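Engineer: Got a sequence here, can you build the structure:
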Amino acid sequence: EICSVTVDCSGESDTYRRIDGRCNNLDNPLWGAAATTQPRFMDPVYKDEVSEPRLAVNGDELPSPRELSNILFKHDVPTPDERFDNTLMSLNWGQFLDHDFVLTPVLSDECMAITIPGDDEDMKNRTCMPFVRSSIAPNEDCNPGPKQVLNQLTSFIDASNVYGSSIDERDDLRFPSDSDARVNTQPGLAGLHLLFVMEHNRIVGKLREEDFPEEDLFEEARKIIGAFMQQITYGEYFSNVFNQATMQTYGLSLLNNGFANVYNASVDPGIRNAFATAAFRFGHSQIPDEIAYMLDDWNTLDDQTPMEDALLDPTMLITASGTRIPDLTRSMIGLKARRVDRFFEDSIRNTLFGSLDLPSLNIQRGRDHGLAPYIEWRRYCGLSVPTTFDELEDHNRQARNDLEGAYNNVTDIDLYAGAMLENRLTASYVGPTFACILGEQFRALKQGDRFWYENEGSTGFTVQVDRKPRGPVGIARNLKRSLRRNNSTDELREEIAIILMEATRRFIKRKMDQGEECMAIIIPDDDPHYNHRCMPQVRSSPAPNEDCGPGPKQVFNHLTSFIDASNVYGSTDDESGDLRYMFDVELMDHWISIVGTEMLPNASSGCILSDLEDACLKAGDFRVNTQPGLAGLHLLFVREHNRIVRELRAVNFPESDLFEEARKIIGALMQQITYGEDMLNVLNADTRALYELDLQRRGFANAYDPSVDPSIRNAFAAAALRFGHSQIPKEIAYLLHDWETPYNATALETVLLDPHMLVTESGAKIPDLTRYMINFSARKVDRFFESSIRNTLFGQLDLSSLNIQRGRDHGLAPYVEWVKYCNMEVPNNFSELTNHSQPARQKLEEAYDDVADIDLYVGAMTETRLFRSYVGPTMAWILGEQFRALKQGDRFWYENEGPTGFSPDQLTEIRKVKLSKILCDNFGIEEAQPNVFRQARGK
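Structural biologist: Reported below is the predicted structural model:
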């Protein structure tokens, strides 16, 4: 039937998707449709190139899946951190989602039994475990070829698990029934099916109250439910599965406002075989050994039942006419799921549905479907390809040993086994191989769906309706809280690991080999502060070389290189549009009348908070919440923008240009403050003169040179501009208006990614926080860091270690090469480090075997500072070169003459402005020293 079908899409609706998924793509109407062949990322591997399972490389049969399960997945001893911070809802949502887009039918008469080893202690007196092969589906164009398999459901996230994937299923559901035969698998899954049926009916009631056309009620509610499922999956569930780096790599993040318009007609959204058969089964290890009710005290458990007894039995949901549904719901969102790792509960491995082993079934299903070995998937994903077990770099030593004990050759490892044993990426459920497969698939599901809910036009929603799935309506109200119970150290580590998306240009040739996405930092055995062996470090995303030719790794700069206040306004049209309402003065004035202050809006991510109701702020740069002082500066320039708009409006400045003119002025103020105030502390007068960094006192500078590339250089971002990290204090506090009495001193490590010190009491503490920022001394710029910054940053990180590792990740040349590049005397041994003190030379000699090995960050940070400078000569050179390029390469530099700059009168007024004035105008302090970068002398 599949081979002979023709589909005419000419009469199809552009408002509602077909129930069977056809005609989503008008040129390829069967892409993503129900009852079609599952596409593949990679060709299948069979012994006979048709359907017989592959052999080991030595020609023998592969190890029995049950034998592998006993070696690799057995839960002999509870592992540390066995239960992670995510609730049972994360497990249940994953299963519910799976039942929305994939169901592979099986052949009842084709078996591929799993051999049980003779010494199996848990399955004594049994020799095999039953396994039924999947049904065969036709190859492309119905030509002969290797076995393919069918997907009975639509591939889209369209709530087909609620409504079905055929007209007959949909019509049957007008009566009490369910669209997916797997609804009764376990009570939590059955509960989610019931939840969305109830939500559908609630929406229908609301639409009917608004006189929505009766004939469209069902389809409109179905469309909204599908949008909810997309929103919850990408906006909430993924925050647990993927880290920020993976979300960005595969374009999985959602917009907060406006349309995404991501549909790409060349993208096939079909559920790939490896995704369904291996990668999206990662959550199986989360299955607990029991399920229970939780009483309304959110603490007491009732009727605890072994999970194996609740399978295929919805009694816990329907008992007492459903009156225990609230208790079951509390259990789902209040109890933790098991950690995603390689260890399964005994009941899942030995007595599933009576006598089955889930990891064994998963491995055998991969062989049934012809999935290529694990190492081929590493190659496909652009990861390192091991040739021996010792080269399994994404596995810990125990996992490598177990894999070597299970397989004869690293080439034999099954995809599911190899990927499940990988070390998880920071702040992720999965390792790099599954992250690749999952990311590719979910990107295709988003970009290949013409009815994706964020798309503009009749297939999507209006702006007003489009906001509903993003806001706290209906079922979406508490799912964020449901999916994540507590705040994880992994997420904390990830925030700092990806905190800088650095530069693209280089001063000198890089020196590095290609590596993987993770680049963990080894911790010495005798380290007095750490009891673990490695510190996580995520590598920067690669960027193309010049002309996109082959070459060494480069890295992106996600922001504009110019000093243009892109941290306030964003660096893309989408970011700017998303933030534009912050700069709507009438809207902000209305907001002030309600809450009493002008504050940054809330963000849905980017913070680590003790209470999900706490504030998390949004700005032009996602790092706004890193620490309260930084968040305060973001707020300061939003307020200054709106103050300027009010001033311009008072002199009848053209309404159409108000936003851009204020933005231009804010950018000029940032240039003025950076070069005219901050830089006076960082670089001495000789250095500033050498690199032409001083500002004009009057008239135009006209410094623009079109031959100068202003791009942020790699060494500047990855090393030189990090000089200030040693200034970070151990605590932050408020300061009373007497300018002498600090209070509420708080360890800085406890307020990272938490802006509560800024927003508390509706911002009433901002003046006190400001006084502390401009009156208390920062630490000296040197090689010494506070203990909390070196040992407990974001839980258990060391900032100086991260900086060194980032330099190696980016291929920065050694320190001595930079000394040579800066035309200084190049040391041949440690005693020739003439820019270092004797103690610094001794420490470097203890740390490195050869002077040529010294990292740029280490060598430059340990240099003796230049007179009246924050830094030594090497960092001064890199900083000077970069800041000169930023000034001379910017056609819109504020001192330039012409339409890109300002009039003489405007320029004169801008030159009068100091950061102290902006603080006084916007933050409620009545006085401040003229130069807030230096501590006031006396009262």
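
Engineer: Contacts only, for residue 895.
Structural biologist: Contact analysis of residue 895 by CB atoms under 8 Å, 6 or more residues apart in numbering lists 695, 696, 700, 701, 702, 703, 901, 907. Just so you know, the C-beta spots here come from the backbone N, C-alpha and C atoms, and that holds for glycine as well.

Engineer: Which one of the residues you listed is nearest to residue 233?
Structural biologist: Distance to residue 233 across those (CB to CB) is lowest for residue 901, with 48.1 Å.

Engineer: Next, work out how far apart the closest one and residue 700 are.
Structural biologist: Here the distance between residue 901 and residue 700 works out to 7 Å (CB to CB, to the nearest Å).

Engineer: Residue ranges in this protein under the pLDDT threshold?
Structural biologist: 1-4, 76-84, 108-109, 168-181, 463-518, 531-534, 575-597, 604-614, 795, 937-939 (pLDDT under 70).

Engineer: tell me the residue furthest from the middle of it?
Structural biologist: Distance from the centre of the chain peaks at residue 125, with 48.2 Å (CA atoms, centre = their mean).

Engineer: Could you give the separation of whichever helix or strand residue 857 is part of from the chain centroid?
Structural biologist: Assigned by DSSP states H and E, residue 857 belongs to helix 856-861. Centre-to-centre, helix 856-861 and its host chain are 30 Å apart (CA atoms, centre = their mean, to the nearest Å).

Engineer: Who are the packing partners of the helix or strand just after that helix?
Structural biologist: Sequence-wise, the next helix or strand downstream of helix 856-861 (DSSP H and E) is helix 873-888. Applying 3 or more CB pairs under 8 Å, 6 or more residues apart in numbering; DSSP states H and E, one finds that helix 873-888 contacts helix 685-690, helix 714-718, helix 815-821, helix 856-861.

Engineer: Now do the buried residues in the third one.
Structural biologist: Yep, that's helix 815-821 we're talking about. 815, 816, 817, 818, 819, 821 (16 or more other CB atoms under 10 Å).

Engineer: now the residues you listed in a markdown table, with distance to residue 341?
Structural biologist: Below are the buried residues of helix 815-821 laid out as a markdown table (distance: CB to CB, whole Å):
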| residue | distance to residue 341 |
| --- | --- |
| 815 | 40 |
| 816 | 44 |
| 817 | 42 |
| 818 | 43 |
| 819 | 46 |
| 821 | 46 |
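
Engineer: Could I have the buried ones of the contacts of residue 895 as PyMOL selection syntax?
Structural biologist: Selection command for PyMOL covering only the buried members of the contacts of residue 895, criterion 16+ other CB under 10 Å:
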select buried, resi 695+700+701+703+901+907
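
Engineer: ok, the contacts of residue 895 vs residue 254, which is closest?
Structural biologist: The shortest approach to residue 254 among the contacts of residue 895 belongs to residue 901, at 38.6 Å (CB to CB).

Engineer: right, and the closest one touches residue 907 too?
Structural biologist: Yes - between residue 901 and residue 907 there is a contact at 7.2 Å, judged by CB atoms under 8 Å.

Engineer: what residues are shared contacts of the two?
Structural biologist: Residues touching both residue 901 and residue 907 (CB under 8 Å, 6+ apart): 700, 894, 895.

Engineer: Just the element for the last one, please.
Structural biologist: Element membership for residue 895, per DSSP H and E: none, as it lies in no helix or strand.

Engineer: now the closest residue to it other than its chain neighbours: how far from residue 891?
Structural biologist: Spatial nearest neighbour of residue 895, excluding adjacent residues (CB to CB, 6 or more residues apart in numbering): residue 701 at 3.6 Å. Per CB to CB, residue 701 is found 13 Å from residue 891.

Engineer: do residue 773 as well
Structural biologist: Taken as CB to CB, the span from residue 773 to residue 891 is 34 Å.

Engineer: Show me how the record splits the protein into domains.
Structural biologist: The chain breaks down by automatic domain parsing into domains covering 36-482, 566-783+873-922.

Engineer: any chance of those domains in JSON lines, plus distance to residue 536?
Structural biologist: Shown next, in JSON lines, are the domains of the chain (distance: least, CB to CB, whole Å):
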{"stretch": "domain 36-482", "distance to residue 536": "4"}
{"stretch": "domain 566-783+873-922", "distance to residue 536": "16"}
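
Engineer: Quick check: which of those domains is nearest to residue 864?
Structural biologist: Taking CB to CB, domain 566-783+873-922 is the member of those nearest to residue 864, at 8.8 Å.

Engineer: tell me how far the ends of that closest one are from each other?
Structural biologist: Taking CA to CA, to the nearest Å as the measure, domain 566-783+873-922 stretches 20 Å from start to finish.

Engineer: cool, and stretch 834-852?
Structural biologist: 15 Å.

Engineer: mind listing what's buried in it?
Structural biologist: 835, 836, 840, 841, 843, 844, 845, 848, 851.

Engineer: same check, this time on stretch 292-309
Structural biologist: Under 16+ other CB under 10 Å, the buried positions of stretch 292-309 are 292, 293, 294, 301, 307, 308.

Engineer: so how far is that stretch from its chain's centroid?
Structural biologist: In terms of CA atoms, centre = their mean, the centre of stretch 292-309 is set 33 Å apart from its chain centre.

Engineer: Contacts made by that stretch with the rest, please.
Structural biologist: Contact partners of stretch 292-309, identified using CB under 8 Å, 6+ apart, comprise 186, 287-291, 316, 324, 326-328, 330-331, 334-335, 345, 347-348, 351-353.

Engineer: Same question for stretch 49-57.
Structural biologist: With CB under 8 Å, 6+ apart, stretch 49-57 has contacts from 45-47, 61-62, 112, 136, 145-147, 367-368, 370, 373, 407-409, 411-412.

Engineer: Near residue 664, how many other residues are there?
Structural biologist: Using other CB atoms under 10 Å, residue 664 has 20 other residues around it.

Engineer: Which strands or helices does the helix holding residue 857 pack on?
Structural biologist: By 3+ CB pairs under 8 Å, 6+ apart, helix 856-861 packs against helix 799-809, helix 815-821, helix 838-847, helix 873-888.

Engineer: which residues touch residue 909?
Structural biologist: Contacts of residue 909 (CB under 8 Å, 6+ apart): none.

Engineer: Centre of the chain to whatever helix or strand it lives in, how far?
Structural biologist: In this structure, residue 909 is located in helix 904-912 according to DSSP H and E. Centroid separation for helix 904-912 versus its chain: 43 Å, with CA atoms, centre = their mean.
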